[in-house]
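>>> Okay, here's the prediction I keep looking at, along with the sequence it came from:
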Amino acid sequence: MSTPIRVDLQLIADMVEPGTRALDVGCGDGSLLAYLMNFKRVDARGMELSQAGVNACVANGLSVIQGDADTDLRDYPDDAFDYVILSQTLQATREPRQVLEQMLRVGKHAIVSFPNFAHWQVRLRLVFGGRMPETTSLPYKWYDTPNIHLCSIDDFRALCRTMGVRIERAIVLNNKSRRITLPPLLANLIGEQAVFMLRRD
Amino acid sequence: MLNDLTDAERKALAQCRHAVLGADRPLRLDCGVDLGPYRVAYQTYGELNADRSNAVLICHALTGDQFVADRNPVTGKPGWWESIVGPGKILDPARYFIICTNVLGGCLGTTGPLDTDPKAGQPWNLRFPVVTIGDMVRAQVALIDHLGIPDLFCVIGGSMGGMQVLEWTASHPKRVFSAVPIACAARHSAQNIAFHEVGRQAIMADPEWKGGDYRLHQTMPSRGLAVARMTAHITYLSEQALQRKFGRALQDRNALGFGFDADFQVESYLRYQGSTFVDRFDANSYLYITRAMDYFDLAGAHGGVLANAFKGSATRFCLMSFTSDWLFPTRESRAVVHALNAAAANVSFVEVDSDKGHDAFLLDEPEMFRTLSGFLKGAASVRGLGGLS
């Protein structure tokens, strides 16, 4: 239980108030759920696409169901959770905007983390290498990537403006998973991934 | 109430506990009849703790019984869920007080059509009121009250047992801390009703059934009941499992017999299943219990919206289904999960990969064991049940 969790998951966990209700969409092996339950007394539930992932989570005592972010958030009533979390999954959804809308309907807050497609390494590989970028946070070949809706940090901010969503917090990480504080233009160049906490305005 | 018992009932009651309930407050059945007094036969394993917080109710399936983890006094066979219940098993009597009741309408000690109608002074037979899953649960609730148990740590069961679990969570949510409905549905499908109807018609077409009064005539509708069981048994298996087990293999012969003996192993197997079933089960009971399953429709009982059945529920749910189960396919469990989500209930759902069909819940399925064990550990730690690290 004391094994450290992924840096972006730790950042997300730090945003969640103790004793609240949270839904982790695309919860994978359940490490964030377990952390939230054990260290923050959160009533934490999970949804995961892969049946193997679900079975492993439930066998570890976590409340997880098999489900798809694109279709299954619709089942939940308004304001069912304090937080709905989507870590490193937004870019793999079919309808990212609808998914965000559903998250903000079901949860009072939405927490989203994603890889930044405007990171300098990505730009260099495309502009000078002439090939689809492959980096540590985007490790796939163009033909087998699950990531069908990649965006930059600025793209994401623009979508939030369009949707009229308030950005409560934004954290940008460099390629060493360290937090960086830079003006937006530079953050969009240096940041490899970002974590946003949103709420309806 | 212990006169006029059948041999099977007498053997069962000698090996388990029973309570006579409802003498002062009869059971108001869904059909409107007041039933009382009535007898509930049940088996227990382990002890109730001082906090009365470790009780687990196991609900048995259509032809199951209360002998979950000890030798069945009628068949002499091991208990039907010894893979899960017993010392060192997932449901360990050292930790939990485990209860299983024979269902209302059953034929192994609990009041059913075999018993004597106290007003008429003769066996109920088909004059026994039609009971529902809700009525079965009402009788269980009365027993839990009688045992002084405020709420159950877990209610668990497969198939018709799973229906009872769902009924418990809908009608007594505050008395169910965690619920494990396995390989079941919130309503019986048209196909399932159809199969049950074939079984019932087979029984009623047997000339020895005598309108249900076969004991009076000292006859036994064994052929009809055996055919009912053969049909049902096919629905409990998967096509793959049947093919793997039997294929087109012949039974005790090298060539086709050009007759209607059991040429094929699969025929011989089904005939055997039918013939052993009639030794342990009562035909009228079979009619009543299949009817109870047919009538089950949890959404129908809640304004047509299944989520209403679970509104405000604080119960922790864990549903399981099996990939090759075509009697209660995964989509049925998923419909319950969707409704639970709509009620923002705490739910886990696992589909177990198995080619053993509906019967998988009774068999050695490591994925089911892992899921159940993890879920119960999590629930027990939230419940504050000690010794469960």
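Structure received. Numbers count the residues shown, from 1 in each chain, chains lettered A, B, ... in the order given.
>>> C-alpha only now, for contacts and for neighbours.
Noted.
>>> neighbours of the residue of the stretch 151-300 of chain B found nearest chain A, just the number please.
The minimum distance from the stretch 151-300 of chain B to chain A, using C-alpha to the nearest C-alpha, falls at B:Ser178 (11.9 Å). Counted by other C-alpha atoms under 10 Å in any protein chain shown, the residues lying close to B:Ser178 total 26.
>>> Enumerate the beta-bridge partners assigned to it.
B:Cys154, B:Arg316 (DSSP bridges).
>>> Equivalent analysis for A:Ala170, please.
A:Phe196.
>>> ok, now which ones touch it?
A:194-197 (C-alpha atoms under 8 Å, 6 or more residues apart in numbering or on different chains).
>>> Which strands and helices lie in contact with the strand or helix carrying B:Gln43?
Applying DSSP states H and E as the criterion places B:Gln43 in strand B:38-45. With contacts taken as 3 or more C-alpha pairs under 8 Å, 6 or more residues apart in numbering or on different chains; DSSP states H and E, strand B:38-45 sits against strand B:17-21, strand B:97-101, helix B:133-146.
>>> what angle do it and strand B:17-21 make?
150 degrees (axes from the mean of the first three to the mean of the last three C-alpha atoms, to 10 degrees).
>>> low pLDDT regions in chain A?
For chain A, the stretches flagged by pLDDT under 70 are A:1-3.
>>> That one: helices as residue ranges?
Using DSSP state H, the helices found in chain A span residues A:7-15, A:31-40, A:51-59, A:69-72, A:96-106, A:120-124, A:153-163, A:184-190.
>>> if you skip the residues just before and after it, what's nearest to the residue nearest the centre of chain A?
Nearest residue to the geometric centre of chain A (C-alpha atoms, centre = their mean): A:Ser87, 2.2 Å. Once flanking residues are discounted, A:Ser87 sits nearest to A:Ser113: 4.7 Å by C-alpha to C-alpha, 6 or more residues apart in numbering or on different chains.
>>> Which parts of chain B are strands?
Under the criterion DSSP state E, chain B contains strands at B:17-21, B:27-28, B:34-35, B:38-45, B:55-59, B:97-101, B:116-117, B:122-123, B:152-158, B:176-182, B:316-322, B:346-352.
>>> With respect to A:Asp75, which of these lies nearest?
Closest of the strands of chain B to A:Asp75 is strand B:346-352, at 13.0 Å (criterion: C-alpha to C-alpha).
>>> Output stretch B:281-292 in CSV, but only the C-alpha positions, please.
Only the C-alpha atoms of stretch B:281-292 are listed here, as CSV (Å, rounded to 0.1, in the frame of the first residue of the first chain):
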residue,chain,number,x,y,z
PHE,B,281,-37.4,-33.5,-5.9
ASP,B,282,-41.1,-33.1,-5.8
ALA,B,283,-43.1,-32.5,-8.9
ASN,B,284,-45.6,-30.0,-7.4
SER,B,285,-42.8,-28.1,-5.8
TYR,B,286,-41.2,-27.9,-9.2
LEU,B,287,-44.3,-26.3,-10.6
TYR,B,288,-44.5,-23.7,-7.8
ILE,B,289,-40.9,-22.7,-7.8
THR,B,290,-40.6,-22.3,-11.6
ARG,B,291,-43.7,-20.2,-11.4
ALA,B,292,-42.1,-17.9,-8.8
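>>> The closest residue to B:Phe153 other than its chain neighbours: how many residues sit nearby?
Using C-alpha to C-alpha, 6+ apart and skipping residues adjacent in sequence, the residue nearest B:Phe153 is B:Phe177, 5.0 Å away. The number of residues packed near B:Phe177 is 23, by other C-alpha under 10 Å.
>>> what sits against B:Phe177?
B:Phe177 touches B:151-154, B:314-316, counting by C-alpha under 8 Å, 6+ apart.
>>> what about the residue nearest to B:Ala170 when sequence neighbours are not counted, how many neighbours?
In this structure, B:Ala170 finds its nearest non-sequential neighbour in B:Ala309, 5.1 Å apart by C-alpha to C-alpha, 6+ apart. When neighbours are counted by other C-alpha under 10 Å, B:Ala309 registers 24.
>>> can you pull the contacts of B:Ala309?
B:170-171, B:298-299, B:302.
>>> Give me the buried entries from those residues.
Those of the contacts of B:Ala309 that meet the buried threshold are B:170, B:298-299, by 16 or more other C-alpha atoms under 10 Å in any protein chain shown.
>>> can you tell me which of the residues you listed are in helices?
Short answer: the buried ones among the contacts of B:Ala309 in helices (DSSP H) are B:Ala170.
>>> could the buried ones among the contacts of B:Ala309 be laid out in JSON lines, adding pLDDT?
JSON lines is the format used below for those (pLDDT from 0 to 100):
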{"residue": "B:Ala170", "pLDDT": "98"}
{"residue": "B:Leu298", "pLDDT": "98"}
{"residue": "B:Ala299", "pLDDT": "97"}
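>>> Return the set of buried residues in stretch A:67-78.
Within stretch A:67-78, judged by 16+ other C-alpha under 10 Å, the buried ones are A:67, A:69-70, A:72-78.
>>> Starting from B:Trp124, give me the distance back to the residue of chain A most remote from its centre.
Distance to the chain centre peaks in chain A at A:Phe128, reaching 29.4 Å (criterion: C-alpha atoms, centre = their mean). Counting by C-alpha to C-alpha, to the nearest Å, the gap from A:Phe128 to B:Trp124 is 88 Å.
>>> now do A:Val64
Counting by C-alpha to C-alpha, the gap from A:Val64 to B:Trp124 is 47 Å.
>>> These two: which is more packed in?
For A:Val64 versus B:Trp124, neighbours defined as other C-alpha under 10 Å are more numerous around A:Val64 (32 against 21).
>>> so where's chain B uncertain?
B:1-3, B:386-389.
>>> can you rerun that using 50?
Along chain B, the model assigns pLDDT under 50 to residues B:388-389.
>>> Show me what whichever helix in it runs longest is packed against.
In chain B, taking DSSP H as the definition, the longest helix is helix B:366-383. When contacts are defined as 3+ C-alpha pairs under 8 Å, 6+ apart, helix B:366-383 sits against helix A:51-59, strand B:316-322, strand B:346-352.
>>> From the contact counts, what lies against the longest one?
Using 3+ C-alpha pairs under 8 Å, 6+ apart as the contact definition, the elements that helix A:51-59 packs against are strand A:63-66, strand B:346-352, helix B:366-383.
>>> okay if I get the ones you listed as CSV plus distance to B:Met204?
As requested, the helices and strands packed on helix A:51-59 are exported to CSV (distance: least, C-alpha to C-alpha, whole Å):
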stretch, distance to B:Met204
strand A:63-66, 44
strand B:346-352, 37
helix B:366-383, 38
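>>> tell me the most buried of those?
strand A:63-66 (a mean of 28; mean count of other C-alpha atoms under 10 Å in any protein chain shown).
>>> So which elements touch that one?
Short answer (3+ C-alpha pairs under 8 Å, 6+ apart): strand A:63-66 packs on strand A:43-48, helix A:51-59, strand B:346-352.
>>> run the last query once more with 10 Å
For strand A:63-66, the contact count by 3 or more C-alpha pairs under 10 Å, 6 or more residues apart in numbering or on different chains; DSSP states H and E identifies strand A:21-25, helix A:31-40, strand A:43-48, helix A:51-59, strand B:316-322, helix B:330-342, strand B:346-352, helix B:366-383 as packing neighbours.
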